[in-house]
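>>> Take this sequence and fold it.
(2 chains)
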Amino acid sequence: QQKVQQSPESLIVPEGGMASLNCTFSDRNSQYFWWYRQHSGEGPKALMSIFSNGDKKEGRFTAHLNKASLHVSLHIKDSQPSDSALYFCAVGKGTNTGKLTFGDGTVLTVKP
Amino acid sequence: GALVYQYPRRTICKSGTSMRMECQAVGFQATSVAWYRQSPQKTFELIALSTVNSAIKYEQNFTQEKFPISHPNLSFSSMTVLNAYLEDRGLYLCGARAPDTEVFFGKGTRLTVV
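Got it, this is the predicted structure:
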């Protein structure tokens, strides 16, 4: 059964700093990887996805995937207080299923 | 844009009673709907996955007898929590997707059992 683990549990970065979030997964047949962000009182919203090994950049956000080492990460450059939220790594197999396995989340706090 | 609405947003039910929650997809066809429960500690548990033209698949520790789900068309799904007890409390999230899209989540139904 897929296990997804995130680290750190919580992270505090200064405004303008770089936040790095990590995620490891156990199933080598995993095919797609999402980062979701959840603000208090809201449902999770997809930030970005990555399907291939390497880096994927979208604005201030860069995701990195290394399937061989079962690792995916998210880096947030020039962090803003509005980035403060709970971040989840979600891993799935197959593009036509809604089944995702979520990590336990990283709480990011960006201090002004 | 694609949106998922869930209602009610919050509900309180007495221990041993049942409550029904609904999920509506707007702006896309929800060929796949997954129901999750997020604990007070924020961890996710997948309850079941419903995909068009397939039987609803329940995860270990969750059964149709306890969490019956209906997915009658490509825009609507509902789930009932039967005989709710304290351990059933949490935020119930509906995640819906069309083929090759992200999973869109609603804001959830928060269940409190008293």
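>>> Check B:Ser39 and give its pLDDT.
Note on B:Ser39: pLDDT of 89.
>>> Quick check: chain neighbours aside, which residue is closest to B:Met19?
Closest residue to B:Met19 apart from its sequence neighbours, by C-beta to C-beta, 6 or more residues apart in numbering or on different chains: B:Cys13 at 4.7 Å. For the C-beta atoms, the positions are set from N, CA and C on the backbone; glycine is no exception.
>>> ok, that neighbour - contacts?
B:Cys13 is in contact with B:Met19, B:Ala84, B:Leu111, B:Thr112, B:Val113, B:Val114, counting by C-beta atoms under 8 Å, 6 or more residues apart in numbering or on different chains.
>>> The fifth one - how many residues pack around it?
Counted with other C-beta atoms under 10 Å in any protein chain shown, residues neighbouring B:Val113 total 19.
>>> Beta-bridge partners for it, please?
Beta-bridge pairing for B:Val113 (DSSP bridges): B:Cys13.
>>> quick one: it from A:Val107, how far?
Going from B:Val113 to A:Val107 by C-beta to C-beta, to the nearest Å gives 26 Å.
>>> Which phi and psi values does A:Ser82 adopt?
Note on A:Ser82: backbone dihedrals following degrees, to the nearest 10 are phi -70, psi -10.
>>> just to revisit the earlier point, show me which of the contacts of B:Cys13 are buried.
B:Met19, B:Ala84, B:Leu111, B:Val113 (16 or more other C-beta atoms under 10 Å in any protein chain shown).
>>> Tell me the one of those nearest chain A?
B:Leu111 (14.6 Å; C-beta to the nearest C-beta).
>>> Show me which residues of chain A are close to chain B?
By C-beta under 8 Å from any C-beta of the partner chain, the residues of chain A that approach chain B are A:34, A:36, A:38, A:41-46, A:49, A:86, A:88, A:90, A:95-102, A:104-105.
>>> Pick out the residue nearest the middle of chain B.
Geometric centre of chain B, nearest residue: B:Trp35, 3.4 Å, by C-alpha atoms, centre = their mean.
>>> what pairs with that residue across the strands?
Beta-bridge pairing for B:Trp35 (DSSP bridges): B:Ala48, B:Cys94.
>>> How about the residues of chain B by chain A?
B:4, B:6, B:31-34, B:36, B:42-44, B:46, B:49, B:51, B:93, B:95-97, B:99-100, B:102-108.
>>> Can you list which of these are found in strands?
Judged by DSSP state E, strands contain the following of these: B:4, B:6, B:32-34, B:36, B:44, B:46, B:49, B:51, B:93, B:95-97, B:104-105.
>>> does A:Asn29 really touch A:Lys93, like I thought?
Yes. In this structure, A:Asn29 is within contact of A:Lys93 by C-beta atoms under 8 Å, at 5.9 Å.
>>> So the two - more neighbours on which side?
A:Lys93 (14 against 8).
>>> Is the more buried one in contact with A:Asp27, as I believe?
Yes. Using C-beta under 8 Å, A:Lys93 is in contact with A:Asp27, at 7.2 Å.
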